[in-house]
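Engineer: Give me the fold of what follows.
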Amino acid sequence: MKLKIGCHPYDVARPLFDGTVRIAGADAEFSGAALVSDIFEQMMRARAFDVAELGMSFYLRTLDLDDPPFIAIPVFPNRQFRHSSIFVNTGSGITGPADLAGKVVGEFAMYGHDAGVVAKGILSDEYGVRPEESSWVIGGFDWPMAPFEFVPQIHPDGVAVTRAPEGKALGPMLEAGEIDAMISADVPRCVLDGSPRVARLFPDYGPIERKHYRRTGIFPMMHTVVVRRELAAREPALVEAVYRAFGAARDAAMDQYRQRRAFNHMETNVPWFGELFERDLELFPDGLWPYGIAANRPSIDAFLRWHFEQGLSKRRLAPEDVFLPELLNT
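Structural biologist: Numbering: from 1, shown residues only. Model prediction:
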């Protein structure tokens with residue numbers, strides 16, 4: 001059976017793109033895009049793929065539609081810790097999380113994008129800072145961009161949400177002091193360029209994120225993989241084969257990382273990358289990218305809870321509401 005699959009060619013997916021790993025019973029055509037959000041848009045607007053990578057919040061919003069078009073499999077090709085995704089203007093008076101209350105915060109692309117859901121969840125859980133205590137401005141991170149109109153734009157009651165002024169982007173607004181802080185999946189140019197007018201809320205974010213993971217077991221997922229529901233209903237065994245193939249590709253990538261330790265990861269050519277990899281293995285001895293329900297239940301439950309608490313889901317979802325039933329025991 002022919003399958004059209006949209007996904008970014010991450011290390012964990014590249015063996016699928018180059019044919020090293022194949023999907024049993026399928027003739028699969030893999031497509032990427034210049035921006036991963038382009039894959040989301042093609043899937044949301046035109047159902048351009050049978051199987052596609054989709055942001056977690058993008059997908060969860062579809063579950064509140066009258067006829068939800070997709071069902072997810074527990075594959076998470078993109079996941080990031082997000083203390084590092086909160087940026088502040090150094091003249092705003094923000095020196096700690098509590099100072100975000102009463103401030104104007106920019107958010108990339110839409111209110112409640114995947115990184116935003118996670119960052120707000122952490123701020124609420126760990127520091128008692130609720131989203132409704134701030135005002136929110138939605139826009140592009142380094143260039144002007146309209147919010148993603150191909151996904152339901154949800155602005156919960158009690159939360160002030162506006163669009164960035166026409167022709168303006170959040171990164172320059174942050175540097176100029178037109179907004180006080182910013183949450184973004186991508187790092188704005190002013191931060192990368194070392195502008196003294198901007199900083200991360202958590203400058204030493206690595207140890208903080210590691211400590212948070214050790215205590216909570218939460219490794220936030222940004223994206224999952226979804227399947228068109230009619231395909232899942234008609235070919236459940238094929239969808240299970242898709243899940244297994246994504247897992248095999250992930251395992252192949254992990255094997256490559258492990259084997260390259262013998263050669264000091266010389267193809268990466270980043271100083272101390274090997275030491276970083278060894279420290280990561282201490283946290284993730286079974287592999288850096290867990291798939292399936294059991295290994296990810298704390299992370300899944302946290303995202304679903306945050307999505308509901310932030311007014312982005314109509315009801316508190318459980319994994320059983322989100323993932324293909326045949327894969328709930330993975």
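
Engineer: who does whatever helix or strand residue 58 lives in touch, helix- and strand-wise?
Structural biologist: Under the criterion of DSSP states H and E, residue 58 resides in helix 56-62. Where contact means 3 or more CB pairs under 8 Å, 6 or more residues apart in numbering; DSSP states H and E, helix 56-62 is packed against helix 36-46, strand 70-73, helix 114-127, strand 223-228, helix 297-309. Placement of C-beta: from N, CA and C, glycine included.

Engineer: give me that answer again for 6 Å
Structural biologist: helix 114-127 (3 or more CB pairs under 6 Å, 6 or more residues apart in numbering; DSSP states H and E).

Engineer: Give the partner strands of the following helix or strand past the helix it packs on in its sheet and their orientations.
Structural biologist: Sequence-wise, the next helix or strand downstream of helix 114-127 (DSSP H and E) is strand 135-139. Sheet pairing of strand 135-139 (DSSP bridges) gives strand 104-108 (parallel), strand 160-163 (parallel).

Engineer: Please list the outside residues in contact with the helix or strand following the shortest one.
Structural biologist: Elements were assigned by DSSP H and E; along the chain past strand 160-163, the next helix or strand is helix 170-176. Contacts with helix 170-176, where a contact means CB atoms under 6 Å, 6 or more residues apart in numbering, come from 89, 106, 139, 141-142, 179, 182, 188-190, 195, 197-198.

Engineer: Could you give me the ChimeraX syntax to select whichever of the residues you listed are buried?
Structural biologist: To isolate the buried members of the contacts of helix 170-176 in ChimeraX, using 16 or more other CB atoms under 10 Å:
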select :89,106,139,141,142,179,182,188,189,190,195,198
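
Engineer: still on that earlier bit, can you list the strands paired with strand 135-139 in JSON lines and add distance to residue 319?
Structural biologist: As requested, these are exported to JSON lines (distance: least, CB to CB, whole Å):
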{"stretch": "strand 104-108", "distance to residue 319": "26"}
{"stretch": "strand 160-163", "distance to residue 319": "29"}
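
Engineer: I'd like to know which of those is closest to residue 129.
Structural biologist: Nearest to residue 129, of all these, is strand 104-108, at 10.3 Å by CB to CB.

Engineer: hmm, back to that, taking the contacts of helix 170-176 one by one, which sit in strands?
Structural biologist: Of those, the ones assigned to strands by DSSP state E are 89, 106, 139, 182, 198.

Engineer: Out of the residues you listed, which comes closest to residue 82?
Structural biologist: Once CB to CB is applied, the member of those that ends up nearest residue 82 is residue 182, at 12.8 Å.

Engineer: pretty sure that closest one contacts residue 87?
Structural biologist: Yes. Residue 182 is within contact range of residue 87, at 4.6 Å (criterion: CB atoms under 6 Å).

Engineer: For residue 59, see how far away the most centrally placed residue in the chain is.
Structural biologist: For the chain, the residue nearest the mean C-alpha position is residue 222 (1.6 Å; CA atoms, centre = their mean). The spacing between residue 222 and residue 59, counted by CB to CB, to the nearest Å, is 11 Å.

Engineer: same deal with residue 144?
Structural biologist: The value you get for residue 144 to residue 59, if CB to CB is used, is 27 Å.

Engineer: what's the answer for residue 228, then?
Structural biologist: 12 Å.

Engineer: Those two: which has the busier surroundings?
Structural biologist: Neighbours were counted for residue 228 and for residue 59 using other CB atoms under 10 Å; residue 59 has more, 26 against 18.

Engineer: who touches that one in this structure?
Structural biologist: 72, 226.

Engineer: so what pLDDT did it get?
Structural biologist: On the pLDDT scale, residue 59 is placed at 98.

Engineer: Likewise for residue 268?
Structural biologist: For residue 268, the pLDDT comes out at 88.

Engineer: Just the helices from the stretch 201-330 of the chain, written as ranges.
Structural biologist: Secondary structure of the stretch 201-330 of the chain, counting by DSSP state H, counting those that start in this stretch: helices at 205-216, 229-234, 236-259, 273-283, 297-309, 319-322.

Engineer: Out of the ones you listed, which is closest to residue 79?
Structural biologist: helix 297-309 (7.8 Å).

Engineer: So what angle separates the directions of the closest one and helix 114-127?
Structural biologist: 90 degrees (axes from the mean of the first three to the mean of the last three CA atoms, to 10 degrees).

Engineer: CA atoms only for helix 297-309 - export them in CSV, please.
Structural biologist: Output of helix 297-309 as CSV, limited to C-alpha atoms (Å, rounded to 0.1, in the frame of the first residue of the first chain):
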residue,chain,number,x,y,z
ARG,A,297,3.3,8.6,30.7
PRO,A,298,4.6,11.3,33.0
SER,A,299,5.4,13.5,30.0
ILE,A,300,2.1,12.8,28.3
ASP,A,301,0.0,13.4,31.4
ALA,A,302,1.8,16.6,32.1
PHE,A,303,1.2,18.0,28.6
LEU,A,304,-2.4,17.0,28.6
ARG,A,305,-2.9,18.5,32.0
TRP,A,306,-1.2,21.8,31.0
HIS,A,307,-3.3,22.0,27.8
PHE,A,308,-6.5,21.7,29.8
GLU,A,309,-5.4,24.0,32.6
